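Chemist: compute the structure for the input listed below.
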Amino acid sequence: MFEILKKLWPLFFGIFLICLAMGLQSSLLGLRATREGFSTLVTGFVMTGYFIGFLFGSVQGAKIIKRVGHVRTFAALSALASITVLVHTLWVNPGVWFLMRLFTGIAMSGIYVVSESWLNHSASNKNRGQVLSAYTISILLGIFCGQFLLNLADPQSFDLFGLISILVSIAAIPILITV
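Modeler: Numbers count the residues shown, from 1 in each chain. I've put the predicted structure just below:
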């Protein structure tokens, strides 16, 4: 088991950082939407975009992987996730935010498809459960810890949005340079 975890550490580390960013982003957007005066209904609509995009991405993710491969898919979707969070700071508008949440959901769903297919390819039937549990721990720990990053800066500033983009970009590096 140690050998497989040693081999897959870039994936676990990258997924942890991406989920750290997504945990922060989800909390930040809800908080920021309230501070911007979005109604509860509008905020709910904006946040729903992620799940609609996630559904769409789960259907289309495998098609994209077949067309361009795992590494290119992961790189493109990481870039998309990094870009969408920055757009939130440029246009504080519920329609734009909904669209960005939609694209974030597509990106995250595709990132999960790439990651999980990498895991399934790397794991054997003997250790698959252990590998998937380590992967799930990485995801949940990242989302949990990401919410604590709200304490680092004022949600009204660019800082937290920039941090999310940086985390997603850093997360891609070890995964993309792995053989």
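Chemist: residue ranges with poor pLDDT in the protein?
Modeler: Applying pLDDT under 70 to the chain picks out residues 1, 179.
Chemist: which parts of it are helices?
Modeler: Using DSSP state H, the helices assigned to the chain run over residues 2-35, 40-68, 70-90, 94-122, 128-146, 159-176.
Chemist: quick check: residue 97 touching residue 33?
Modeler: Yes: the criterion here is Cβ atoms under 8 Å, and residue 97 meets it with residue 33 at 7.2 Å. Placement of C-beta: from N, CA and C, glycine included.
Chemist: which residues are common contacts for the two?
Modeler: residue 46 (Cβ atoms under 8 Å, 6 or more residues apart in numbering).
Chemist: now the helices of the chain in TSV, with distance to residue 153 and mean neighbour count?
Modeler: Conversion of the helices of the chain to TSV gives the following (distance: least, Cβ to Cβ, whole Å; neighbours: other Cβ atoms under 10 Å):
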stretch	distance to residue 153	mean neighbour count
helix 2-35	10	20
helix 40-68	21	16
helix 70-90	12	19
helix 94-122	19	20
helix 128-146	14	16
helix 159-176	4	20
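Chemist: now render those as CSV, adding distance to residue 152.
Modeler: Converted to CSV, the helices of the chain look like this (distance: least, Cβ to Cβ, whole Å):
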stretch, distance to residue 152
helix 2-35, 9
helix 40-68, 22
helix 70-90, 15
helix 94-122, 20
helix 128-146, 11
helix 159-176, 7
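Chemist: residues contacting residue 27?
Modeler: 146-147, 150.
Chemist: separation between residue 76 and residue 161?
Modeler: 21 Å (Cβ to Cβ, to the nearest Å).
Chemist: so who does the closest residue to residue 18 other than its chain neighbours touch?
Modeler: Using Cβ to Cβ, 6 or more residues apart in numbering and skipping the chain neighbours, the partner closest in space to residue 18 is residue 171 (4.6 Å). Contacts for residue 171 (Cβ under 8 Å, 6+ apart) come out as 13-18, 21, 78.
Chemist: dump these to CSV, plus distance to residue 108.
Modeler: Shown next, in CSV, are these (distance: Cβ to Cβ, whole Å):
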residue, distance to residue 108
13, 17
14, 13
15, 10
16, 14
17, 13
18, 8
21, 10
78, 10
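Chemist: tell me the one of these nearest residue 54?
Modeler: residue 18 (13.8 Å; Cβ to Cβ).
Chemist: quick one: the closest one and residue 111 touch, right?
Modeler: Yes: shown here, residue 18 and residue 111 form a contact pair, counting by Cβ under 8 Å, at 6.4 Å.
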